[in-house]
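J.: Got a predicted structure plus its sequence, pasted below:
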Amino acid sequence: MSCDHAHEKPAADKAAGTEGPGAAETKAAKEKLDFRKDVHLRYFMYTLRMLPEDYEGFDTKRMMILYLALSGLDVLGELEKVDKKTATKAIDWIYAMQKVPPPKQPEAKAHFGFRGGPSYGGKYDPTCKAGGGGDPGLSRDEAHIAMTYSALCALRILGDDLGRVDKKAITRSLQMLQRENGCFRCASTEEDDMRFMYCACVISDMLGDWSGVDKEAAVKYIVESQAFDGGIGLRIGAEGHGGTTYCAVASLVLMGRLDALKDPEGLVRWCVYAQGSGFVGRPNKPPDSCYSFWIGATMKMLGVYDLSSAKDNRQFNLRCQTKWGGFGKYPDVHPDILHSYFGICGLSMMGMDGLRPIDPVWGITLRAAGKEKQDNSAS
């Protein structure tokens, strides 16, 4: 049977001027595939003011949530909704989370940078002149490399000049966090993987100081982490994954060593095969809205984004947006801040829906990264 007439309305419906029994569902589906900027704006603004109880376990990651919400507003072109007073308070809060060396021990060896939140128990001090509000004697009071990345991103988004950032202390900390194998730890723990490699590289690039990174060791680690199928794993010997592939490729781009990849064609093939409707993070997994950024941005950096189907990717992402605003991991699930942010970043790279262009390397808008003119001149 030909499918040409499979979706025609019944003759009786046409004659009566009605739309048929499935018309309401079709109309709802079409409505859902329109980008709902208004509800997404409300979602990100709400996230800045209050979080649902499910986020209680994220108390040590408040910095990351702040970065994602602010950058989400920036991608929407609505950052001005954050008034000057609120922006100033946010900047001061970020600096109050900075752990800096004690005044009498400026060369102290410890992990300095930014904490994820105030749960360490120190006093609130945005001046960064007395240990960043923390007590140097407090056990387990240290920075986290991912929160330092998030803090620097948030400060750039808000237009801060990074004048209160202790750049030397952060750079020295990066030297301490890099392991002999070239990878980076997140803190003074044994946990190390490609996510923290990426954070170290972006931090160094933002601060304009790469003295805390042994580039040759880092590049060697990334190259050895490429799996047999072309993807790049969380660490050496791990299977390829969309998020860690992004982190690895962005790190190589920042270090100017993308040419070091041992199997660039395999990497491109792996990225292309990761798309069905949306992108999957690993083979045999369902599509997930955040990978429209992780793998989409990887393809952007590799110069092969045109090999993806932006139309199919957009339709999948828009099926993941919710009536409350924000994006879920999959269609018809509740939104969360991570998928909401990277979902709209994925749409931004498609050049659709009036969104601000995103920098695929730093993970913030070209405006916030200070690369807008550079990108325009390149195009």
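T.: It's in. Numbers count the residues shown, from 1 in each chain.
J.: Was I right to think residue 346 contacts residue 313?
T.: Yes: assessed by Cβ atoms under 8 Å, residue 346 is found in contact with residue 313 at 6.7 Å. In short, each C-beta sits where N, CA and C put it, glycine included.
J.: Pull up the overlap in contacts between those two.
T.: Among the neighbours of residue 346, those also in contact with residue 313 (Cβ atoms under 8 Å, 6 or more residues apart in numbering) are 292, 296.
J.: which one of those two has more residues nearby?
T.: Shown here are residue 346 and residue 313; by other Cβ atoms under 10 Å, residue 346 has more neighbours (30 against 26).
J.: so which strand or helix has the closest residue to the more buried one other than its chain neighbours?
T.: Distance criterion Cβ to Cβ, 6 or more residues apart in numbering; nearest residue to residue 346, sequence neighbours excluded, is residue 292 at 2.7 Å. Residue 292 belongs to helix 291-302 when assigned by DSSP states H and E.
J.: ok now that helix, how far from the chain's centre?
T.: Counting by Cα atoms, centre = their mean, to the nearest Å, helix 291-302 is centred 11 Å from the centre of its parent chain.
J.: Which neighbouring elements make contact with that helix?
T.: Helix 291-302 is packed against helix 242-254, helix 264-273, helix 310-320, helix 337-349, with contacts defined by 3 or more Cβ pairs under 8 Å, 6 or more residues apart in numbering; DSSP states H and E.
J.: quick revisit: check contacts around the residue nearest to residue 346.
T.: 278-279, 313, 316-317, 342-343, 345-347, 349.
J.: all strands of the stretch 101-250 of the chain, in order?
T.: Taking DSSP state E, counting those that start in this stretch, the strands of the stretch 101-250 of the chain run over residues 113-114.
J.: Extract the residue ranges of it that are flagged as low pLDDT.
T.: 103-109, 129-140 (pLDDT under 70).
J.: I'd say residue 42 and residue 325 touch.
T.: Yes: counting by Cβ under 8 Å, residue 42 touches residue 325, with 5.0 Å between them.
J.: name the helices or strands packed onto the helix or strand where residue 73 lies?
T.: Secondary structure from DSSP H and E places residue 73 in helix 62-76. If you count contacts as 3+ Cβ pairs under 8 Å, 6+ apart, helix 62-76 packs onto helix 37-49, helix 84-96, helix 145-157, helix 337-349, helix 366-369.
J.: Averaged pLDDT, it. What do you get?
T.: Here helix 62-76 scores 98 as its mean pLDDT.
J.: How far does that helix sit from its chain's centre?
T.: Helix 62-76 sits 9 Å away from the centroid of its parent chain (Cα atoms, centre = their mean).
J.: Okay, angle between it and helix 84-96 too, please.
T.: Angle of helix 62-76 versus helix 84-96, following axes from the mean of the first three to the mean of the last three Cα atoms, to 10 degrees, is 140 degrees.
J.: could you give the angle of helix 62-76 to helix 145-157?
T.: Using the same axes, to 10 degrees: helix 62-76 against helix 145-157 is 40 degrees.
J.: that older thread, could you export the helix holding residue 292 as CSV, CA atoms only?
T.: Taking C-alpha atoms only, helix 291-302 is exported to CSV below (Å, rounded to 0.1, in the frame of the first residue of the first chain):
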residue,chain,number,x,y,z
TYR,A,291,25.3,15.3,23.5
SER,A,292,24.1,17.7,20.9
PHE,A,293,26.7,20.0,22.5
TRP,A,294,29.4,17.4,23.5
ILE,A,295,29.6,15.7,20.2
GLY,A,296,28.3,18.6,18.1
ALA,A,297,31.0,20.9,19.5
THR,A,298,33.6,18.2,18.9
MET,A,299,32.6,18.1,15.3
LYS,A,300,32.8,21.9,15.2
MET,A,301,36.4,21.9,16.5
LEU,A,302,37.3,19.1,14.0
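J.: Tell me how confident the model is about it, as a mean pLDDT.
T.: The predicted model assigns helix 291-302 a mean pLDDT of 98.
J.: Based on its surroundings, how many neighbours for the residue lying closest to residue 34 once chain neighbours are set aside?
T.: For residue 34, ignoring the flanking residues on the chain, the nearest one in space by Cβ to Cβ, 6+ apart is residue 318 at 7.4 Å. By other Cβ under 10 Å, the residues close to residue 318 number 20.
J.: gap between the residue nearest to residue 346 and residue 240?
T.: According to Cβ to Cβ, to the nearest Å, residue 292 and residue 240 sit 17 Å apart.
J.: can you check residue 274 too?
T.: In terms of Cβ to Cβ, residue 274 sits 9 Å off from residue 240.
J.: and if you look at residue 154?
T.: For residue 154 relative to residue 240 (Cβ to Cβ), the value is 30 Å.
J.: correct me, but residue 272 touches residue 305?
T.: No: using Cβ under 8 Å, residue 272 is not in contact with residue 305, being 10.6 Å away.
J.: Need the residues touching each of these two.
T.: By Cβ under 8 Å, 6+ apart, residue 272 and residue 305 have these common neighbours: residue 299.
J.: Tell me how many other residues crowd the spatially closest residue to residue 340 that is not a sequence neighbour.
T.: Leaving out its chain neighbours, the residue that sits closest to residue 340 by Cβ to Cβ, 6+ apart is residue 326, at 3.6 Å. If you count neighbours by other Cβ under 10 Å, residue 326 ends up with 27.
J.: and residue 326, what does it touch?
T.: By Cβ under 8 Å, 6+ apart, the contact list for residue 326 reads 39-40, 43-44, 335-337, 339-340, 343.
J.: In JSON lines: the residues you listed, plus distance to residue 254 and neighbour count.
T.: JSON lines is the format used below for those (distance: Cβ to Cβ, whole Å; neighbours: other Cβ atoms under 10 Å):
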{"residue": "39", "distance to residue 254": "35", "neighbour count": "15"}
{"residue": "40", "distance to residue 254": "29", "neighbour count": "27"}
{"residue": "43", "distance to residue 254": "31", "neighbour count": "23"}
{"residue": "44", "distance to residue 254": "27", "neighbour count": "27"}
{"residue": "335", "distance to residue 254": "30", "neighbour count": "23"}
{"residue": "336", "distance to residue 254": "28", "neighbour count": "18"}
{"residue": "337", "distance to residue 254": "25", "neighbour count": "23"}
{"residue": "339", "distance to residue 254": "25", "neighbour count": "27"}
{"residue": "340", "distance to residue 254": "26", "neighbour count": "26"}
{"residue": "343", "distance to residue 254": "24", "neighbour count": "29"}
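J.: Cool, thanks, talk later.
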